[in-house]
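> Here is a sequence together with a model predicted from it:
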Amino acid sequence: MAQGRKILQEPVDSVVKKLKIISEKYPNSHTVFRDPVFSINMKHTKSLLQKIGDENLSMDFSAELHLKNVDDEFIELCKHAKITGLKFGIESAHEEVRDSVNRFSIDNDEQLKTVNKINNANIRTVGMFILAQPTDDRDSCLSTIDYACSLGL
């Protein structure tokens, strides 16, 4: 997949074939799916995770994604595919700050619930935050830092 205006998705079988070659040549390697659009087409992503897991490759993975796309089935497929970490943008603890710069994230209660589910599946979580947005002030930045620390990332 490629980030930008047009999403390019390589066929699942082609991706898995390439990963199998990497796994055989570099056993115990780690591959990162470094593109938040990894989770935009969840049917494709879940199919990819299923096939990666079925191949039982001698490597593990991590991925960047949108937290809004994480559900219980996705988490189970991540475990099946040996996903060891998920990285996502939370941006700010304050919806009005996110809105002011057109950064979408699910509401804070859902973020906490989803992060807890991922952590309970023994998948490492990494959140990305942006401080000092135009509508941020000292207090909103400090509360975002407190919020980030409270999530168990």
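Thanks, I have it.
> quick one: contacts for the closest residue to residue 100 other than its chain neighbours?
In space, and not counting its chain neighbours, residue 100 is closest to residue 135: 4.3 Å by CB to CB, 6 or more residues apart in numbering. In short, each C-beta sits where N, CA and C put it, glycine included. Contacts for residue 135 (CB atoms under 8 Å, 6 or more residues apart in numbering) come out as 96-97, 100-101.
> how far away is residue 135 from residue 98?
Shown here: residue 135 relative to residue 98, a distance of 10 Å by CB to CB, to the nearest Å.
> Please apply the same query to residue 13.
Applying CB to CB, the value for residue 13 to residue 98 is 38 Å.
> And residue 121, by the same measure?
26 Å.
> So for those two, which sits in the more crowded spot?
residue 98 (20 against 15; other CB atoms under 10 Å).
> what is the mean pLDDT for the longest strand along the chain?
Looking across the chain with DSSP state E, the single longest strand is strand 83-91. The average pLDDT within strand 83-91 is 94.
> neighbouring strands for it, and are they parallel or not?
Its sheet considered, strand 83-91 pairs with strand 59-64 (parallel), strand 124-129 (parallel) by DSSP bridges.
> Show me what counts as buried in it.
For strand 83-91, the neighbour count (16 or more other CB atoms under 10 Å) marks 83, 85-91 as buried.
> Could you export that strand as PDB, keeping only the C-alpha atoms?
Taking C-alpha atoms only, strand 83-91 is exported to PDB below (Å, rounded to 0.1, in the frame of the first residue of the first chain):
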ATOM      1  CA  ILE A  83       2.100  -8.800  14.900                       C
ATOM      2  CA  THR A  84       4.100  -7.600  17.900                       C
ATOM      3  CA  GLY A  85       3.300  -3.900  17.800                       C
ATOM      4  CA  LEU A  86       0.700  -1.500  16.600                       C
ATOM      5  CA  LYS A  87       1.400   2.300  16.200                       C
ATOM      6  CA  PHE A  88      -1.400   4.900  15.700                       C
ATOM      7  CA  GLY A  89      -2.000   8.600  15.900                       C
ATOM      8  CA  ILE A  90      -3.900   9.900  18.900                       C
ATOM      9  CA  GLU A  91      -2.700  13.400  18.300                       C
END
